[in-house]
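Provide a 3D model corresponding to the input given below.
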Amino acid sequence: MIDTADDAGGIAIQRNVHIAFVDDEVMVINGLRRVMRDLPEDWSADYFESAGELLERMQTEDYDVVVADMDMPVMNGAELLNKIMLTRPSCVRFILSGKADKDLITRCVGSSHQYLSKPCDPEVLMERILSSLRLQAMLKANPASKVVSDSAGLKSFPRLYQELMLALENPDCPLEDIGKIIEQDMGLTTRILMVANSGYFGLRRKVVSPAEAIQFIGLETVKALALAVETYGTAACGRDVSEPLENLWNRSISMATLARNLAQLLGMEREESEVAFSGGLLADAGKLLFLAKHVDLFLQSSALVQGNLEEELELETAGCGANHTEIGGYLFQMWGFPQPIVECVALHHHPSKTGSALFGPLLPVHLAATWSRCQHTVTKPQELYLQLDQEYCDRLKFGLAGMNNLWNQLSEYNHES
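Take a look at the predicted model:
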């Protein structure tokens, strides 16, 4: 029997979980039926051989989790999950695929919370589902729900990002058309070209168009930049906050780049490295909500980004009712974003709250966030290690030896930045 008891972080997983599995191969469906016999008593699972069958059932029935095969006729898994994302963003979504087509995987990242390779170990699948449900329960219970619902600034899913996602998920959409979508927004075009031509990517020639930039910096980076630019663009107030806002952007870019570099050094695959980039870039996006009604709080919080972490979080909670990690995590969960990105945003300061021992993008984002805060005050790897979430490090078996191995990279990054 799968253990769904509260984890060390005290997060209660919801009861009566309803799961849908979709795969056009009868043998796969039968195999899923066998391995899912060990579900908790109050959980249930239904099995479908086409996307159409599931969508028809969802007209009268809700599912908490959908696990879909990527390669299906008529409507593939990415198309199915995109429809579900738009109508039921709170539903946890997984893509299973036996193909190693990196472009196809990249295009489906937005509509699915997580991608898993076939054949997938049932224990791994269930741990991923449990981890997603833990995070969802935590975000539903935190005070950010009221803060976000009271603000008109960041409640809507960014329009341009949604348009871009639909284009990226269409395998027949040429890069030139994607570039034209990006060119609708001068701010996004400027940011993408700035990043593509910066030292972060080390290109030997100037990139002059968004379509060209996509080829060099990758679709996932473009997605993250698009979301960040449009999210930052929703922040508006009657006072000049251009300097701290620009500082926040620059810090986010630096943290994202470092998180991706650390993920690569830790031996993570390309997809996980790109999630680390996105998580690092969006980690502090929750601060933007303060601009709608709490401008002074935004300025005070921004001034503490390299100070005492708990003082910063307590200041935000006292002034707004929730801190930036709670607000950002809740917002991106509400928008139906991939669970690993939501996890990085919500838990980059306190990753032990996941209650999970899975090795993934949250670790490099936690490292990058901690380094960003402490880089001017620590001089030895053990000093930085002590600033990390020790319970999380113990759970992942990431010790001082691992920190020592990354120290030179961190020091070089500090020198370059």
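
hmm, residue 218 is touching residue 274, no?
Yes. Between residue 218 and residue 274 there is a contact under Cβ atoms under 8 Å: 6.9 Å. In this view, the C-beta of every residue, glycine as well, is placed from N, C-alpha and C.

more neighbours, the two?
The neighbour count for residue 218 versus residue 274, taken as other Cβ atoms under 10 Å, is higher for residue 274 (24 against 18).

please tell me how far that one sits from residue 258.
14 Å (Cβ to Cβ, to the nearest Å).

now the helices: where do they sit in the stretch 51-200 of the chain?
Counting by DSSP state H, counting those that start in this stretch, the stretch 51-200 of the chain has these helices, from start to end: 51-57, 77-87, 102-108, 122-141, 144-149, 159-168, 175-182, 186-196.

select from those the stretch with the lowest mean pLDDT.
Set side by side, those differ in mean pLDDT, and helix 102-108 is lowest with a mean of 50.

domain parsing of this structure, as residue ranges.
18-141, 157-233, 235-416 (automatic domain parsing).

just those domains: most buried one?
Of all the domains of the chain, domain 235-416 has the most neighbours on average by mean count of other Cβ atoms under 10 Å, namely a mean of 20.

would you single out the least confident of the domains of the chain?
Comparing mean pLDDT across the domains of the chain, the weakest is domain 157-233, with a mean of 70.

thought residue 124 was touching residue 116?
Yes. Residue 124 lies in contact with residue 116 (Cβ under 8 Å); the separation is 7.2 Å.

distance across stretch 351-361, terminal residue to terminal residue?
Terminal residues of stretch 351-361 lie 11 Å apart, using Cα to Cα, to the nearest Å.

I misspoke; the intended subject was stretch 17-33.
16 Å.

gap between the closest residue to residue 116 other than its chain neighbours and residue 271?
The shortest distance from residue 116 to any non-neighbouring residue, by Cβ to Cβ, 6 or more residues apart in numbering, is to residue 96 (5.4 Å). With distances taken as Cβ to Cβ, residue 96 is found 14 Å from residue 271.

ok, now residue 349?
Relative to residue 271, and taking Cβ to Cβ, residue 349 is found at 24 Å.

what's the answer for residue 95, then?
Per Cβ to Cβ, residue 95 is found 11 Å from residue 271.

point out the other helices and strands that the helix or strand hosting residue 383 packs with.
Assigned by DSSP states H and E, residue 383 belongs to helix 381-385. Where contact means 3 or more Cβ pairs under 8 Å, 6 or more residues apart in numbering; DSSP states H and E, helix 381-385 is packed against helix 362-374, helix 400-416.

done for today, thanks.
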